[in-house]
Each structure stands twice: as C-alpha cells, then as structure tokens.
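Trainee: take a look and give me a structure for this.
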Amino acid sequence: MKQHGRQQSRRGVSRNSQCVFLLFVALLGVGEPILKAQNTSQESVEQQIQKLNDAMARTQAQLEKSQREMEEMRRQLSALQQQMTNSNLSVPASSPAQPLTPAQVTAAIEELREKQAMQETQIATHEQTKVESESKYPVKLNGLLLLNGFVNTRQVDRPATPTLAIGGPGSTGASVRQTILGLDMRGPHLFGARSHADLQVDFSADISPVNYGGTNTTGYSSPYDEGSAVLRLRTAHAALDWKHTQAFFWLDRPILSPDSPSSLTAVAEPALAWSGNLWAWNPQVGVTHDVSLTGSHQLRLQAALTDVADAPVSPIFSSSPYQSFPASTGRQSRWPGSEVRIALQGLKANQGARIGIGGYFAPHNVSDSYRFDSWATTIDYRLPLPGRLELTGNVYRGQSLGGLGAGGYKDYVYRSNTYSQEAYFRALEDVGGWSQLKEKLSERLELNAAFGVDELFASQLRPYAGVSTAIYQNLARNRTYTGNVIYSPSAYLLFSLEYRRLESSPVIGQTSGSNIIGLGVGYKF
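Mentor: Just a heads-up that it's a prediction; the model follows:
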C-alpha cells in the first residue's frame, strides 16, 4: 500500500512537472510575439520622434528664412525712406515750419510720378532678353542711334563734328555717323574679384588722309561723305573689382580727366575737345584703390601706365627706309607714359562733391637728334550747388599735350635749314581747361552751359610759324562756348538743341569764328 501510494505520488509529481513544462512552452510561444510587439512599438515611437525633430528643423529653417526676408525688406524700406528724405520734395530750408501749399504738393506728386515712370522704363529695359554668348556668362548689346542736324555759319574743320574754325563759307547738313554700338560683358569671379568688360564703336573713322605740309593726319578737314563711314573703335574696358580696389585695362580718356561736358551733338569727339577737354582715348593699364575716411568721404588713389599716341598734326621722321609707318614718338622712346591721381570724394563716386589732382609724364623720341618729354599737372572738380545746380570741370598746365587732346593739335614744331640740312625742334608748353554748369530741372530735362580754352605760349610758337603755314601749325588758342538743353521723355528717347561758338586764333593772323546750331535726336537700346 505504501509503495502504491508512493508510485501515485511520483505520477502526480511527474504530471505536475509536465504541466509546468507545457505551461512554460506556451508562455514562450505567446511571449515572443508580445516582445516583438513591444519592440515594434518602441521603434514606432522613435520614428515618430525623429519625424517630429525633422519637422521642427524644417520649421526653424523656414522661420530663419522669413526673418532674413523681413530684414531685407526693412533695409530696402529704410533706404527708400532715406532716398525720399534726400530728395527735393520737402519744403525749402528758408521756411521749414510752413505747410506745403497745394501747388507744391502737386509739383511733388508730379515729380514723383516722373521718377517712377523713368524707373519703370529702365527696369523694363534691363529685363529684356539680351544677346547671349557661347559661354554661360551674359553679353548685352546696347547703343545709341543718333541723328545730328547742323548749321555752321562759317567754315569749320569737320562740318558735323567741328572743333576748329578756319574761315570761309558755312555749311548745313545732317549725319548719323555718331551712332554708337556697344557690348557689355560680365565674367567669372577671379581671385575674389568680379570681372567685367565693355567696348563701344561708332562710324566716324575716316580713311582718307590729309597732308598739311609734311604732316601726317587723318580726318581733319577731310571730305565728310556719309556713304564712306567706317567702323571705329571708341573705348574699351576690362577690369577686376574687389571691395575697395580695381585693376583695369582700358582704351579711354586719361585718368587725369574723369569728366566730360554733356552734349548730344558732340559725341564722336566729346564736347570742348581741343578746347580744354583732355579727352583722347589711349591704351592704359592701372589700379584704383579707395581708402575710407571718417564720415561719408573716401580717398581715391589711381595710377596707370599709358601708350600715348602722337598728336594729329605730326611730321613723319622715319628712322628706316623700310619703315613705311614709323612708330609713334612715345613708342620710339621705349618707355611708357605714367599717370597718377588722388581725389577726395563721397562714398558714391558719381555723386556729391569731389576734387582731384593729377600728374602725367611721358618721354618721346622724334629722331636720334631730338627727344622731348610731355608732362601735365591737373585739377578736376565736381561741386553740387543749391537749386539743383552742379559745377564740373578740369584745368591743366603742361607741355606737348597733343596726344591727350590739347596743345593745339600738336606736340612740337620744327624748322629746317636748307643750307645746313639741320632741323630745329621746339616742344610747346600749354595751359587750358573747361568748366560746365548743369541744372537738372527734373529727371527728364536738363540745361547745360560750358566754356573751354586751350592756349599755347605764343612766344614759343611764333618763331616757327609763317603766313603760308597751315592753320594747325599756326594755331595758338582755341576757345569754345556752348549751351544746350537735353530732354528725355522716356528711357529710350533723347532730344537736344545746342548752340556752340568756336573761336580759333593763329599766332599770326586774325581770329576765325563760327556759330554752330546743332540738333540731336537719339534712340537708346
């Protein structure tokens, strides 16, 4: 009996063990999907948290972008408010406390509308599709289609673009040879600088040379046939611009003479050319650096090397019988000319008061027996005046400035001895300058009045002059008085009426004068 009870007890324990084992297996089978579900749930939560973090990051980026846009809008609004403050829409200073009259309000609104219309047309011009090059960098075509009508009361050197009065009957006509074509190019950033270039051409070249008693010149007093117009390179620029520095190469007026009088009838040769305006286009390579000063001013430092051409009236002295076209006297010296300029001006170079001083030096070699140096000192200025007036100009004193557009078309004079076969040379000293008063009545209408003079020292010229000598060798003083009105009804159209008085005085003989009435009609594109 005891043994039987023990066996039953053992069977009970065995059954209990089996039940526990089966229950454990069952729990394992059920626990595995539960654990998987828990892991899956944890992963889902982590993914949701990650998604929330990504969404917050995107929201933060959008907020930062919106903040930047708001800051830019605030900056533009501040600039616009400053521009409106600086404009002439406010009450004159003489009566700051008086309210605006209805007439003043109407005038201010009309002026604001004119400015807005001009800006809209200019923006539309910039937004037009331009010429594209094969590279990815843009090339823009621009220009000025210009028609000039003229009436010359007395004879001048070139009827459509006169610079010298020579006596005799006058002339009347029209010309389109002062039309200008240009290309504007923007290139890549190099060495941290922005690169750009441009060039301009016109149709005022003259291939028919005129010989004045052994002188080599082209274009002066030559026949002016519209059908024989030849393309001519006017100016070209290439530069690298940093924040305060520019390295440049250009074919343009000297850095000593940064300004030019306003005119729509004197374009092929700028207004007051050969009457005090140092305008001649010569190759130059140099650098400009701006030094910021306290307040709203800066100091501009410029230096350049230049290849100065000979004056239009230059004798030919070939050093070799095989050299049909000898090098210029500047190139025969084997040394380039040099220019320096220092100017005190506003932070915006084209606005506000400015005064600059400059210096120029270039060696020349006429022949093995004669060498001379050309040099100049200059002062240029721009002075804003009350009543929307502005005074600009340039004065100079130097020697042999024919290559810069002064000096009476010549650098030197000479005389040969028929018995000794010797030649006597004399470099000519020169003084001159110009000044213009501009009144800008509105964004579309401006008035200009200017005067310029270029004068050689008569005591140096007289021993080498003669009654039968051509006017260019005899010329001692050239003066020009001019006044014009320029009206621009839109950003594309220009109209101008101009009066000019030329007075050319030889060292021997009487002064010749001519009154010139010019009409200019231009279409900008």
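Trainee: and the closest residue to A349 other than its chain neighbours, which of the three is it?
Mentor: Computed as C-beta to C-beta, 6 or more residues apart in numbering, the closest residue to A349 that is not its neighbour in sequence is R300, at 7.2 Å. No exception for glycine: its C-beta is placed from N, CA and C like everyone else's. Taken by DSSP: H, G, I helix; E, B strand; the rest coil, the conformation at R300 corresponds to strand.
Trainee: can you pull the pLDDT of R300?
Mentor: Reported pLDDT at R300 in the predicted model: 96.
Trainee: wouldn't it be in contact with S292 here?
Mentor: No - counting by C-beta atoms under 8 Å, R300 does not reach S292; the two are 10.8 Å apart.
Trainee: give me the more crowded residue out of those two.
Mentor: Under the criterion of other C-beta atoms under 10 Å, the comparison of R300 against S292 puts R300 first, with 19 against 11.
Trainee: look up how far G358 lies from that one.
Mentor: To G358, R300 is 11 Å away according to C-beta to C-beta, to the nearest Å.
Trainee: hey, what's in contact with both of the two?
Mentor: Any residue near both R300 and G358 by C-beta atoms under 8 Å, 6 or more residues apart in numbering counts here, and that gives 341-342.
Trainee: and the helices in the stretch 51-200 of the chain, which stretches?
Mentor: The residue ranges that make up the helices of the stretch 51-200 of the chain, judged by DSSP state H, counting those that start in this stretch, are 102-126.
Trainee: mind listing what's buried in the longest strand along the chain?
Mentor: In terms of residue count, the longest strand belonging to the chain (DSSP state E) is strand 139-156. If you call a residue buried by 16 or more other C-beta atoms under 10 Å, then strand 139-156 has these buried ones: 139-140, 142-144, 146, 148-150, 152-156.
Trainee: likewise stretch 297-311?
Mentor: In terms of neighbour count (16+ other C-beta under 10 Å), stretch 297-311 has its buried residues at 298, 300, 302, 304, 306-311.
Trainee: okay, and which of these map to helices?
Mentor: Among these, none falls in helices (DSSP state H).
Trainee: now for these, which pair is the farthest apart?
Mentor: When the buried residues of stretch 297-311 are compared pair by pair using C-beta to C-beta, the farthest-apart members prove to be Q298 and D310, with a separation of 36.6 Å.
Trainee: any low-confidence regions in the stretch 351-500 of the chain?
Mentor: 418-421, 467-469 (pLDDT under 70).
Trainee: the stretch 101-250 of the chain too?
Mentor: Counting by pLDDT under 70, the stretch 101-250 of the chain has low-confidence residues at 102-105, 113-134, 206-229.
Trainee: what about 80?
Mentor: The stretch 101-250 of the chain contains residues with pLDDT under 80 at 101-136, 206-229.
Trainee: which residue sits closest to L147, ignoring its sequence neighbours?
Mentor: Of all residues beyond its chain neighbours, the one nearest L147 is V521 (4.7 Å), with distances taken as C-beta to C-beta, 6+ apart.
Trainee: that neighbour sits in which helix or strand?
Mentor: V521 belongs to strand 512-524 when assigned by DSSP states H and E.
Trainee: could you list the paired strands of the longest strand of the chain along with their orientation?
Mentor: For strand 139-156, the paired strands and their directions (DSSP bridges) read strand 165-175 (antiparallel), strand 180-190 (antiparallel), strand 512-524 (antiparallel).
Trainee: list the buried residues for the longest one?
Mentor: When burial is assessed from 16+ other C-beta under 10 Å, strand 512-524 yields the following buried residues: 512, 514, 516, 518-522, 524.
Trainee: from these, which single one is nearest I316?
Mentor: When these are ranked by distance to I316 (C-beta to C-beta), S512 comes first, at 27.2 Å.
Trainee: partner residues bridging that closest one?
Mentor: S512 forms beta bridges with S504, as assigned by DSSP bridges.
Trainee: ok, now which ones touch it?
Mentor: Counting by C-beta under 8 Å, 6+ apart, S512 makes contact with 154, 165-167, 471, 503-505.
Trainee: with distance to R382 as extra columns, can I get the residues you listed in TSV?
Mentor: Rendered in TSV, the data for the contacts of S512 read as follows (distance: C-beta to C-beta, whole Å):
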residue	distance to R382
R154	34
A165	30
I166	34
G167	37
I471	34
E503	27
S504	29
S505	30
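Trainee: using the three-state scheme, assign A271.
Mentor: When the structure is reduced to helix, strand and coil (three-state DSSP), A271 reads as coil.
Trainee: from G330, how far out is it?
Mentor: For A271, the distance to G330 equals 26 Å [C-beta to C-beta].
Trainee: more neighbours: which of those two?
Mentor: When A271 and G330 are compared for neighbours, A271 comes out ahead with 26 against 23, by other C-beta under 10 Å.
Trainee: dihedrals phi and psi, the more buried one?
Mentor: Taking degrees, to the nearest 10, you get phi -60, psi 140 for the backbone angles of A271.
Trainee: wouldn't it be in contact with S262 here?
Mentor: Yes - with contacts defined as C-beta under 8 Å, A271 counts as touching S262 at a distance of 7.2 Å.
Trainee: quickly find the element holding the residue nearest the centre of the chain.
Mentor: For the chain, the residue nearest the mean C-alpha position is H237 (8.6 Å; C-alpha atoms, centre = their mean). Mapping H237 onto the secondary structure by DSSP H and E places it in strand 230-241.
Trainee: buried set for that strand?
Mentor: Going through strand 230-241 with 16+ other C-beta under 10 Å, the ones that come out buried are 234-240.
Trainee: of the contacts of S512, grab the buried ones for PyMOL.
Mentor: In PyMOL syntax, the buried subset of the contacts of S512 is picked out as below (16+ other C-beta under 10 Å):
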select buried, resi 154+165+166+471+503+504+505
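Trainee: of the contacts of S512, closest to S435?
Mentor: Checking the contacts of S512 against S435 by C-beta to C-beta gives E503 as the nearest, at 16.6 Å.
Trainee: now do the contacts for that closest one.
Mentor: Contacts of E503 by C-beta under 8 Å, 6+ apart are 165, 478-480, 511-513.
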